[in-house]
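Trainee: got a sequence here, can you build the structure:
(one chain, ligands or ions: 3)
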Amino acid sequence: MVYNLSVQNSMVTQWMSEIREVGTQNDRMRFRRNMERIGEIAAYEISKLVDYEEKLIQTPMGEASCRVMTEQPVLATILRAGVPLHQGLLNYFDKGDSAFVAAYRKHHRDGSFEIEQHYATCPSLEGRVLIIADPMLATGASLILAIETLLGYGKPSHIHVVAAIACTEGIENLLRKFPEVDVWAGDIDEELTAKGYIVPGLGDAGDLAFGKKEQN
Ligand SMILES: O=P(O)(O)OC[C@H]1O[C@H](OP(=O)(O)OP(=O)(O)O)[C@H](O)[C@@H]1O
Ligand SMILES: O=c1cc[nH]c(=O)[nH]1
Ligand SMILES: [Mg+2]
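Mentor: Ligands and ions are numbered 1, 2, ... in the order given. The predicted structure is shown next:
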């Protein structure tokens, strides 16, 4: 399933406007915090789909029957742009484990790029719910490589992908490779440039959160 969190008016549509808008998005702290808040909303929505059990809870006044989660997800992200979105998910799934994949699009002078992946760390994923956060789902190449890498750590019971902005081509590429994945997007854009940038998108999410990086 593909879920667009901007279909309904909510705080998410407000935050989406702020991370996209050329003036506001340069306030780095607000940009990171808005990413984090989008991650929090996605976490809340995904939390409706995980397993719960009825449990008797002792209160100072008696016993309450509560529904509590029976499992904790693994929250994965792709460094570096994914860090604030991942933090948002972690704020809500506060008992979850984390996984990290270090990957980036290494751009060439002719406009093409390849994904350089250097490092991954992950707990066993066998039977676990895996939630992967990456703010931009452009061509989908980074996420596809990250999921392939993470699947080396076991077979998850379910995979959710959380993006602030996903483009239709990237979603199609991802779902062609992993049809069982659920995609949660702050919003969905139609256009991808020849250099793999989402239009209207927001620009470079990693640079906006953390500053321009030197290509080496
Ligand atoms: O769907 P794709 O075409 O693979 O593009 C999306 C990737 O691009 C961005 O990372 P980037 O390579 O800019 O690295 P960064 O996090 O260091 O900025 C973004 O955070 C995704 O990981
Ligand atoms: O538009 C895009 C595409 C990939 N990565 C970004 O940060 N922005
Ligand atoms: Mg970047």
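Trainee: wait, does the helix or strand encompassing residue 209 contact ligand 3?
Mentor: Assigned by DSSP states H and E, residue 209 belongs to helix 205-210. Yes. Helix 205-210 is in contact with ligand 3 by Cβ under 5 Å from the ion, via residue 206. From N, CA and C alone the C-beta is placed, and that goes for glycine too.
Trainee: for that helix, buried residues please.
Mentor: 205, 206, 208, 209, 210 (16 or more other Cβ atoms under 10 Å).
Trainee: then stretch 94-105?
Mentor: 96, 97, 98, 99, 100, 101, 103, 104, 105.
Trainee: can you give me the strands in this protein?
Mentor: With DSSP state E applied, the chain shows strands at 2-4, 52-59, 62-69, 74-79, 97-107, 113-121, 129-133, 136-137, 158-167, 182-189, 191-192, 198-199, listed in chain order.
Trainee: so which of the ones you listed gets nearest residue 12?
Mentor: Among those, strand 182-189 comes nearest to residue 12, with 5.9 Å by Cβ to Cβ.
Trainee: what pairs with that closest one, parallel or antiparallel?
Mentor: Paired with strand 182-189 in the same sheet, following DSSP bridges, are strand 2-4 (parallel), strand 158-167 (parallel).
Trainee: export it to PDB, keeping only CA atoms.
Mentor: C-alpha atoms of strand 182-189 as PDB (Å, rounded to 0.1, in the frame of the first residue of the first chain):
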ATOM      1  CA  ASP A 182       4.200  -0.300   2.600                       C
ATOM      2  CA  VAL A 183       5.200   3.300   1.700                       C
ATOM      3  CA  TRP A 184       4.300   6.200   3.900                       C
ATOM      4  CA  ALA A 185       4.900   9.600   2.300                       C
ATOM      5  CA  GLY A 186       4.500  13.100   3.700                       C
ATOM      6  CA  ASP A 187       3.600  13.900   0.100                       C
ATOM      7  CA  ILE A 188       3.900  12.400  -3.400                       C
ATOM      8  CA  ASP A 189       5.400  14.400  -6.400                       C
END
